[in-house]
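[1] Structure for this input, please:
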Amino acid sequence: MDLLQKYTGVEKFYELDDAVILTLEDLDLKLATLIVLKIECAVEQIQEKDRRSQLIGGVIELEDPVYFSLRFIYEKGDSPYFFQIYNITSDEYLDLYNLNKIIK
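    Model (predicted):
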């Protein structure tokens, strides 16, 4: 008798703009992979807001930390759409941290 696979939760999908993909392609493979993993974590945290773009910050903790922010749109009934990625300073990251707009 075959066992049925247990339900593990709902998969959340997201979209990356070509500009984000091109930016990631220009980065070191390890760094780009870590940023994509952070984006996947962000998808679990972000909230829907119709007709408004949002900003969320992240940090890749390497020997020299890499701070970045993502601009995205997440409207009701749609997948999150990440359309810009920026390098930011630690001060800008702390500003987003104080606003509770970081990837945890």
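[2] pLDDT of stretch 70-77, averaged?
    The average pLDDT within stretch 70-77 is 93.
[3] ok now it, how far from the chain's centre?
    Its chain's C-alpha centre and that of stretch 70-77 lie 11 Å apart, by CA atoms, centre = their mean, to the nearest Å.
[4] Check which residues of that stretch are buried.
    Going by neighbour count (16 or more other CB atoms under 10 Å), the buried part of stretch 70-77 is 70-74. (Each C-beta comes from the backbone N, C-alpha and C, glycine too.)
[5] okay, the residues you listed in CSV with secondary structure next?
    Formatted as CSV, these follow (DSSP: H, G, I helix; E, B strand; the rest coil):
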residue, secondary structure
Leu70, strand
Arg71, strand
Phe72, strand
Ile73, strand
Tyr74, strand
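[6] okay, these in TSV with distance to Leu16 next?
    As requested, the buried residues of stretch 70-77 are exported to TSV (distance: CB to CB, whole Å):
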residue	distance to Leu16
Leu70	10
Arg71	12
Phe72	10
Ile73	12
Tyr74	13
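[7] Where do the helices of the chain begin and end?
    Secondary structure of the chain (DSSP state H): helices at 18-26, 29-45, 90-98.
[8] Export only the CA atoms of the last one, formatted as PDB.
    Taking C-alpha atoms only, helix 90-98 is exported to PDB below (Å, rounded to 0.1, in the frame of the first residue of the first chain):
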ATOM      1  CA  SER A  90      24.200  50.200   6.800                       C
ATOM      2  CA  ASP A  91      22.500  53.400   7.900                       C
ATOM      3  CA  GLU A  92      19.800  53.000   5.300                       C
ATOM      4  CA  TYR A  93      19.300  49.400   6.400                       C
ATOM      5  CA  LEU A  94      19.000  50.600  10.000                       C
ATOM      6  CA  ASP A  95      16.300  53.100   8.900                       C
ATOM      7  CA  LEU A  96      14.300  50.200   7.400                       C
ATOM      8  CA  TYR A  97      15.000  48.100  10.500                       C
ATOM      9  CA  ASN A  98      13.500  50.900  12.700                       C
END
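[9] Report the contact partners of the closest residue to Ala42 other than its chain neighbours.
    The shortest distance from Ala42 to any residue other than its chain neighbours is 4.6 Å, reached at Ile103 (CB to CB, 6 or more residues apart in numbering). By CB atoms under 8 Å, 6 or more residues apart in numbering, Ile103 lies in contact with 38-39, 41-42, 45, 56-58.
[10] Fine by me, we can end here.
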